[in-house]
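Trainee: any chance you can model this:
(chains A, B, C and D)
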2 protein chains.
Amino acid sequence: MHSLLINTIRSKVKLSAEEAEAIKSSFTLRRVKKKQLVLAAGNIGQEFFFVRRGLLRLFSTDDKANEHVIHFAPEGWWVADNHSFLLGKPAIFSIEALEDSEILMLSKENVDALSARVPIMERYFRLLMQTGIISLHRRIANAQSQSAEQKYLEMMELYPDIVIRTPQHYIASYLGVTPETLSRIRKKVSSNP
Amino acid sequence: MHSLLINTIRSKVKLSAEEAEAIKSSFTLRRVKKKQLVLAAGNIGQEFFFVRRGLLRLFSTDDKANEHVIHFAPEGWWVADNHSFLLGKPAIFSIEALEDSEILMLSKENVDALSARVPIMERYFRLLMQTGIISLHRRIANAQSQSAEQKYLEMMELYPDIVIRTPQHYIASYLGVTPETLSRIRKKVSSNP
DNA sequence: CGCGGGTTTGATGATGCTCAAGCCCGGTGG
DNA sequence: CCACCGGGCTTGAGCATCATCAAACCCGCG
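Mentor: Numbering: from 1, shown residues only, chains lettered A, B, ... in the order given. Okay, here's the model as predicted:
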């Protein structure tokens, strides 16, 4: 039932059967349809989302109304507006379903309650955040040193599944280039193997 | 003595006097001179560094031997190569002192030991990582939506102290532009108020 | 069958990079 | 005390990459 969730957590910390039960019962399931917003910027979003099925995108909207994809969350990934989560302020990012999805939601109160009942969850979330920082650091380093083409090729290597499942212009947005540029890159890459 | 450290931690979690003592005793002090490497890429770096005095930079070195500043750490900030810390693999980034500095080091073993003695430290580190993610997310969003000039102006707003204390070419590297470009931006900005 | 979002293609232009040279200033040694 | 480095910052000219604007195309869906 929640086996993907528990397996994902167990990949980083040890969990007894009772603890696993306590964890499961802290989440609530939410189904969203493609193109539906899970969280809209400006609203309060004090929860973590775990994607059980489907695909979400976290994105910002700048003053010129352009959207910028911060990251994708397929099955087994977590996503949240951490700013809103921690401070209780309006979210600066939005979260949208790119496919029909099933999401397990964990409210901030339940994070706290769960941490009290299952202390190792505090460690799990620390590890989750820390691995997040690792990939964000690497992403920043790459963004500064690589050309658009190199970034695209690396993304194809690291996350081919996401590239295949996602409309091109979202990939372009994630890479920080325009859809036109990505189209030309793909053309060039497919001709020159 | 370690008051900056304890005050910094207390800004996020409650600490008894005994807990504060346990924390203090887990760190070791290290003094480094300007331009000295605190951690060199390729080495194992399984510790957190807390800057008590001075200024550090975390940076990557790409295949063309260009350096890219990932972030600056002045007094009261933490820095680490999280990748090396978590996985025990060679560090992909380096850490260097930009000024004579005093650093409080916390080894991975002491993180674990401390978490056992002072469980709330697990929560502190989670919060620390989570706030780190918030600023990295914002940085990525800004990098994609702003011009070099806008990024520079924002940096001046957010971290004027760092901009003043740091040689220009490191600021340029942090912003992802060349020193020449930053020089031209500064010229333009100072003439047009 | 036609509409419409997404992708492709083309022409043009801006932003920022590269390469090269000069300048400023603090540190060092004669 | 001063001359001479040398690193870092500035300035200039030319160029590459990528953005912008515009139009055509493709294809799934109503």
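Trainee: chain B contacts on chain A?
Mentor: Neighbours of chain B within chain A, by CB under 8 Å from any CB of the partner chain: A:58, A:60, A:62-64, A:66, A:68, A:70, A:82-83, A:85-86, A:92-93, A:115, A:119, A:122-123, A:125-127, A:129-134, A:136-141, A:143-145, A:173, A:176. (Glycine included, C-beta is placed from N, CA and C.)
Trainee: list buried residues within those residues.
Mentor: A:58, A:60, A:68, A:70, A:82-83, A:85-86, A:92-93, A:115, A:122-123, A:125-127, A:129-134, A:136-141, A:143-145, A:173, A:176 (16 or more other CB atoms under 10 Å in any protein chain shown).
Trainee: tell me, which of the residues you listed make contact with DNA strand D?
Mentor: Within the set of those, contact with DNA strand D (CB under 7 Å from any atom of the strand) is found for residue A:176.
Trainee: show only the entries of the buried ones among the residues of chain A next to chain B found in strands.
Mentor: Members of those lying in strands (criterion: DSSP state E): A:58, A:60, A:68, A:70, A:93.
Trainee: the residue lying closest to the first one once chain neighbours are set aside: what's it in contact with?
Mentor: When you say that, I think you mean residue A:58. Nearest residue to residue A:58 in three dimensions, chain neighbours excluded: residue A:70, at 4.6 Å (CB to CB, 6 or more residues apart in numbering or on different chains). Counting by CB atoms under 8 Å, 6 or more residues apart in numbering or on different chains, residue A:70 makes contact with A:58-60, A:93, A:174, B:137, B:140-141.
Trainee: can I get those residues in CSV including pLDDT and distance to residue A:13?
Mentor: Formatted as CSV, these follow (pLDDT from 0 to 100; distance: CB to CB, whole Å):
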residue, pLDDT, distance to residue A:13
A:58, 97, 24
A:59, 97, 30
A:60, 96, 31
A:93, 97, 27
A:174, 97, 30
B:137, 98, 25
B:140, 97, 28
B:141, 96, 31
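Trainee: DNA strand C: which of these is nearest?
Mentor: residue A:174 (12.2 Å; CB to the nearest atom of the strand).
Trainee: residue A:103 sits in which helix or strand?
Mentor: strand A:101-107 (DSSP states H and E).
Trainee: pLDDT score assigned to whatever residue of chain A ends up closest to chain B?
Mentor: Residue of chain A nearest chain B, by CB to the nearest CB: residue A:129 (3.3 Å). pLDDT, residue A:129: 98.
Trainee: the one 10 residues further on now?
Mentor: Residue-level confidence at residue A:139 comes out at 96, pLDDT.
Trainee: any idea how far residue A:125 is from it?
Mentor: 21 Å (CB to CB, to the nearest Å).
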